[in-house]
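Visitor: Following is a predicted model, sequence given first.
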Amino acid sequence: MKKILYPFLIIVLAFGIAPGSILSAQGDSGLVSTSYLLESVDTVEIMRHIDKLADDIGIRVAGSEGESAARDYIASELESFGYAAIVSEPILMHNGLTTRNVWAELPGVRDDVMLIGAHYDTKNPSPGANDNGSGVAVVLELARVLSNTRPPYTIHFVFFGAEEIIDGNSDHHHYGSRHLAENAELISKLHSVTSVDMVGVGSELWIDNMGIGPDSWRIYLADKAREMDIDSKTGEKRAWSDHEAFEHKGVPVAWVHWRYDNEYHKAGDTSDRIDEELLLKTARFMLASMLEVEGDREVEVGDLSNMFAY
């Protein structure tokens with residue numbers, strides 16, 4: 001094992017971080033424990049995103065100025081973390097309006113892609129703090145925490161437009177994810193897809209898919225939740241989130257969500273109802289799941305000094 005550099009150890013001690021959480025370091029790179037990264041999750045940052053989306057921007061109906069403002073905010077946040085934010089071409093919906101996806105890539109040890117996503121639109125008249133400001137905020141926080149790492153798999157952080165039903169036709173939804181799922185090159189690289197959708201209100205963590213595709217990712221996540229002592233349920237066959245299109249393509253998928261929220265799709269879906277403990281559990285659960293999928297408890301990092309920038 002590489003020796004820990006003494007100047008870096010001094011920094012570690014000065015910041016009150018357990019030396020054991022830094023497994024090795026040499027020059028400007030090294031390894032950190034996944035437990036350290038889990039401790040780096042900041043609910044203040046997560047709530048900042050929810051407040052911006054639900055309180056400042058508000059209703060974000062697909063194709064509206066609100067949805068566009070949310071997309072611009074997400075892209076700006078990704079760029080502030082050091083990513084190149086990519087906004088998709090316009091995606092035409094059945095009502096003649098358009099939506100877009102926004103995403104960023106984090107290269108990993110393997111080229112195969114773990115896609116973790118959240119939709120950023122809402123139903124009128126909902127400001128969408130839980131549905132789905134909570135999912136967007138958690139995925140943004142994952143992007144921030146992981147921004148200086150090289151995870152086991154390449155990660156795509158994807159924010160989907162127009163997940164909600166846009167009119168009276170129950171099949172007129174999931175426009176962003178269905179559009180992306182038509183990318184054959186991406187589909188061929190996907191290790192898994194996780195939709196993080198409504199994770200700020202409820203008492204039960206649910207991990208579901210439609211039950212028509214490979215089930216390995218749902219099973220793995222359910223096992224990881226038990227390992228982390230998170231009370232969870234799984235096994236219901238549901239297509240109510242952006243995992244749907246990818247499962248139809250034969251990709252292992254899961255929808256991660258907390259139940260139940262009686263205010264979703266209503267004006268009462270406001271940020272004051274969000275349970276920060278659920279956000280913390282969800283973010284740490286997804287971090288551990290993505291980083292420890294091959295059994296490792298350590299992660300490659302780049303410039304270690306950046307980990308103390310905040």
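Guide: Structure received. Given the structure is predicted, the values throughout are model-derived calculations rather than measurements.
Visitor: where along this protein do the helices fall?
Guide: Ranges of helices in the chain, per DSSP state H, are 6-14, 34-39, 43-50, 65-80, 135-146, 175-180, 184-189, 216-227, 244-248, 276-291.
Visitor: list the buried ones in the last one?
Guide: Applying a neighbour-count criterion of 16 or more other Cβ atoms under 10 Å, one finds 278-291 buried in helix 276-291. Where C-beta positions appear, they are placed from N, C-alpha and C, glycine not excepted.
Visitor: swap in the second one?
Guide: Within helix 34-39, the residues that qualify as buried are 34-38, counting by 16+ other Cβ under 10 Å.
Visitor: what packs against that helix?
Guide: Helices and strands touching helix 34-39, as assessed by 3 or more Cβ pairs under 8 Å, 6 or more residues apart in numbering; DSSP states H and E, comprise helix 276-291, strand 298-301.
Visitor: And the ones you listed: which comes nearest residue 112?
Guide: helix 276-291 (12.2 Å; Cβ to Cβ).
Visitor: Do I have it right that residue 120 meets residue 67?
Guide: Yes - shown here, residue 120 and residue 67 form a contact pair, counting by Cβ atoms under 8 Å, at 7.0 Å.
Visitor: Now do the shared contacts for those two.
Guide: Contact criterion Cβ atoms under 8 Å, 6 or more residues apart in numbering; residues shared by residue 120 and residue 67: 60, 161.
Visitor: more crowded one of these two?
Guide: Using other Cβ atoms under 10 Å as the criterion, residue 120 and residue 67 rank with residue 120 on top: 30 against 23.
Visitor: I'd like the distance from the more buried one to residue 99, if you could.
Guide: According to Cβ to Cβ, to the nearest Å, residue 120 and residue 99 sit 10 Å apart.
Visitor: Now do the shared contacts for those two.
Guide: With Cβ under 8 Å, 6+ apart, residue 120 and residue 99 have common neighbours 67, 161.
Visitor: Who are the packing partners of the strand ranked longest in the chain?
Guide: The residue-count maximum for a strand in the chain (DSSP state E) belongs to strand 110-119. Helices and strands touching strand 110-119, by 3+ Cβ pairs under 8 Å, 6+ apart, are helix 135-146, strand 153-160, helix 175-180, helix 184-189, strand 190-196, helix 276-291.
Visitor: Dump these into JSON lines; add mean pLDDT as well.
Guide: Formatted as JSON lines, the helices and strands packed on strand 110-119 follow (pLDDT from 0 to 100):
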{"stretch": "helix 135-146", "mean pLDDT": "98"}
{"stretch": "strand 153-160", "mean pLDDT": "98"}
{"stretch": "helix 175-180", "mean pLDDT": "98"}
{"stretch": "helix 184-189", "mean pLDDT": "98"}
{"stretch": "strand 190-196", "mean pLDDT": "98"}
{"stretch": "helix 276-291", "mean pLDDT": "98"}
